[in-house]
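Undergrad: Fold the following.
(chains A, B, C and D)
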Number of protein chains: 2
Amino acid sequence: MAKPATKLSEQVRRGELYTVDCPSRGVLKHVTSLWGVLVLITLRSGTHRFSDLRRKAKGVSEKMLAQTLQGLEADGFVDRKSHPVVPPHVEYSLTPLGREASSQVESLVDWIEANLYQVMQARQRKQEI
Amino acid sequence: MAKPATKLSEQVRRGELYTVDCPSRGVLKHVTSLWGVLVLITLRSGTHRFSDLRRKAKGVSEKMLAQTLQGLEADGFVDRKSHPVVPPHVEYSLTPLGREASSQVESLVDWIEANLYQVMQARQRKQEI
DNA sequence: TTCGACACTTACCTTTTTGTGCGTACTTCC
DNA sequence: GGAAGTACGCACAAAAAGGTAAGTGTCGAA
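TA: The predicted model follows:
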């Protein structure tokens, strides 16, 4: 029933982000894309519906949000619960794995926001030259 | 001499990553782009020359590496020292700010690599359905 | 009764990103 | 004496990402 995981174990090579086809690169992309970050952080405060997320992450299009959500779902970071009622009702929440991931990206984002002033100053200095 | 920082202070609004034009989004992009990550992590082990970086970050083109480096330099994360000798000699290293940033992204990357197996399993489960 | 909300999907088009190849000015290695 | 290495910049092409608009089916509100 369960597929033999031979290929899987080959693909998982720790510490090889440097190699071209390391699957970590894909996960990194999902997790750190702008919309990925926003979704992950937003879901920390609890379950959200599609349109809630859309309203909170200003500027995201429906297409991008759907795509982002699907990526994060496939990676096992978000859980999608669809209630088959007539006006569709779908709820998104973080899985345990997703909660870990989101705390990582949150701390990165917090650092960026805390140090944003310094970065902006550095940028200005460059412009002056 | 120093420019008045009026505009700067306006631009720095903490906790507003959700808004469309928050400058944090740009920093996030620089820091979490694949090549940005690789450069930041590689430079943790010390100063590197352009072609050293190119060799270590497998798959990066010269153009992309140059672009990445310029972005990180502008943000104040890397320091560029050019020795005006005849075969060009340029050294890149992390600034103190860059060292902080790189430790953030390193912990994110470490988490991803440590949990990669679980992610791959989640992906496989999706495929089976 | 027409409109908007819901959670998407699809097709099409534009924008952005990235790759490729070339040129540079000079040195060292073979 | 030809090739390779150095750290890029530039022009063009290819690829990927993203935006826009429309359609789905049913309900409740105006």
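
Undergrad: Following the least confident helix or strand in chain A by mean pLDDT in sequence, what is the next regular element?
TA: Least confident helix or strand, chain A: helix A:6-11 with a mean of 53, by mean pLDDT, DSSP states H and E. Moving toward the C-terminus from helix A:6-11, the next helix or strand (DSSP states H and E) is helix A:24-32.

Undergrad: which residues does the closest residue to A:Leu28 other than its chain neighbours contact?
TA: Computed as Cβ to Cβ, 6 or more residues apart in numbering or on different chains, the closest residue to A:Leu28 that is not its neighbour in sequence is B:Ile112, at 6.0 Å. Where C-beta positions appear, they are placed from N, C-alpha and C, glycine not excepted. With contact set as Cβ atoms under 8 Å, 6 or more residues apart in numbering or on different chains, B:Ile112 has these partners: A:Ser24, A:Val27, A:Leu28, A:Val31, A:Ala101, B:Val119.

Undergrad: Please identify which pair of those lies farthest apart.
TA: Using Cβ to Cβ, the contacts of B:Ile112 span at most 12.7 Å, a distance reached by A:Ser24 and A:Ala101.

Undergrad: Any regions of chain A where pLDDT drops low?
TA: Within chain A, the stretches with pLDDT under 70 are A:1-15, A:128-129.

Undergrad: ranges for the helices of it?
TA: For chain A, applying DSSP state H gives helices covering A:6-11, A:24-32, A:34-43, A:50-56, A:62-74, A:96-114, A:116-128.

Undergrad: Point out the other elements, helices or strands, that the third one touches.
TA: Applying 3 or more Cβ pairs under 8 Å, 6 or more residues apart in numbering or on different chains; DSSP states H and E, one finds that helix A:34-43 contacts helix A:24-32, helix A:50-56, helix A:62-74, strand A:89-94, helix A:96-114, helix B:24-32.

Undergrad: and of those, who's closest to DNA strand D?
TA: Taking Cβ to the nearest atom of the strand, helix A:62-74 is the member of these nearest to DNA strand D, at 4.0 Å.

Undergrad: pretty sure A:Pro23 is touching B:Leu116, no?
TA: Yes - with contact defined as Cβ atoms under 8 Å, A:Pro23 counts as touching B:Leu116 (6.5 Å).

Undergrad: Up against DNA strand D, what does chain A have?
TA: Chain A has residues A:29, A:33-34, A:59-64, A:67, A:86-88 near DNA strand D, with proximity defined as Cβ under 7 Å from any atom of the strand.

Undergrad: Tell me how far the closest residue to A:Pro88 other than its chain neighbours lies from DNA strand C.
TA: Closest residue to A:Pro88 apart from its sequence neighbours, by Cβ to Cβ, 6+ apart: A:Ser82 at 7.5 Å. Using Cβ to the nearest atom of the strand, to the nearest Å, we find A:Ser82 at a distance of 7 Å from DNA strand C.

Undergrad: what residues are up against A:Ser82?
TA: With contacts defined as Cβ under 8 Å, 6+ apart, A:Ser82 is in contact with A:Pro88, A:His89, A:Val90.

Undergrad: Highest neighbour count among these?
TA: For these, counting by other Cβ atoms under 10 Å in any protein chain shown, the largest number of neighbours falls to A:Val90: 14 neighbours.

Undergrad: which residues pair with that one across the strands?
TA: A:Ser82 (DSSP bridges).

Undergrad: does it really touch A:Thr47, like I thought?
TA: No - A:Val90 is beyond contact range of A:Thr47, at 10.3 Å (criterion: Cβ under 8 Å).

Undergrad: And A:Ala66, how far from B:Val27?
TA: 26 Å (Cβ to Cβ, to the nearest Å).
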